[in-house]
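Peer 1: quick check, what structure comes out for this input:
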Amino acid sequence: MNNPFKQFFLFFAFLFLQVFILNNILLFDSINPYLYIVFVFLYPLKENKIPLLFYSFLLGLSVDFFSDTGGIHAFSITFIAYIRLFFVRVYFNKLEIDYPFFSLKTESFGKIFNYVVTLTVIHHFIFFSLANFSFHNFSNVLINTFFSSIFTLVLYFIGTAIFTKNE
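Peer 2: As a prediction, the model looks like this:
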């Protein structure tokens with residue numbers, strides 16, 4: 001995904017997918033997949049952090065605009081975009097010198113699973129915490145985080161299995 005055209009395409013593909021399809025899926029009145037965060041996972045590491053933060057914020061703000069959520073998506077996705085490199089260092093043992101050669105396709109499933117699950121749960125916890133904004137609903141925050149994370153992760157791994165070529 002080093003090609004700027006691919007990044008541009010993925011940005012709008014995830015925006016369209018989230019706004020027009022996934023936002024209309026609501027299980028048990030509270031479980032919704034947020035697959036647009038995959039943009040952060042797929043953004044290349046060799047890029048400067050500032051464009052990723054900008055594009056993540058713009059993607060979140062666009063989802064907020066169509067979802068009428070007042071900036072919650074923008075904050076949540078920008079936060080995981082900001083902390084992404086920390087988890088790349090933790091799970092994949094990569095340094096800055098390794099960033100140009102890093103690809104999720106070359107890593108083991110266990111490392112990818114831990115990385116994706118961690119960022120997804122963090123995103124969803126922040127999102128639902130800001131959406132509820134009360135300690136009285138903390139159990140709802142945890143339940144929504146858990147089930148929405150599972151739904152998002154199932155869709156992510158199914159999509160990965162379908163759209164990646166076996167070599």
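Peer 1: the most centrally placed residue in the chain: what's it in contact with?
Peer 2: The centroid of the chain falls nearest to I37 when counting by CA atoms, centre = their mean (2.0 Å). Taking CB atoms under 8 Å, 6 or more residues apart in numbering as the criterion, I37 is in contact with 76-77, 80, 119-120, 123, 152. Bear in mind the C-beta positions are built from the backbone N, C-alpha and C, glycine included.
Peer 1: same thing with I21?
Peer 2: Going by CB under 8 Å, 6+ apart, the list of residues near I21 is empty.
Peer 1: report pLDDT for it.
Peer 2: Predicted confidence (pLDDT) at I21: the value is 76.
Peer 1: a markdown table for the contacts of I37, including distance to L53?
Peer 2: Shown next, in a markdown table, are the contacts of I37 (distance: CB to CB, whole Å):
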| residue | distance to L53 |
| --- | --- |
| S76 | 13 |
| I77 | 10 |
| I80 | 11 |
| L119 | 15 |
| T120 | 18 |
| H123 | 14 |
| T152 | 21 |
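Peer 1: most neighbours, which of these?
Peer 2: Per-residue neighbour counts (other CB atoms under 10 Å) across the contacts of I37 peak at I77, which has 29 neighbours.
Peer 1: so where is the protein shaky, pLDDT-wise?
Peer 2: 1-2, 46-47, 100, 165-167 (pLDDT under 70).
Peer 1: circling back to that earlier point, make TSV out of the contacts of I37 and add distance to L95 and secondary structure.
Peer 2: What follows is the contacts of I37, written out as TSV (distance: CB to CB, whole Å; DSSP: H, G, I helix; E, B strand; the rest coil):
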residue	distance to L95	secondary structure
S76	27	helix
I77	25	helix
I80	21	helix
L119	20	helix
T120	24	helix
H123	25	helix
T152	29	helix
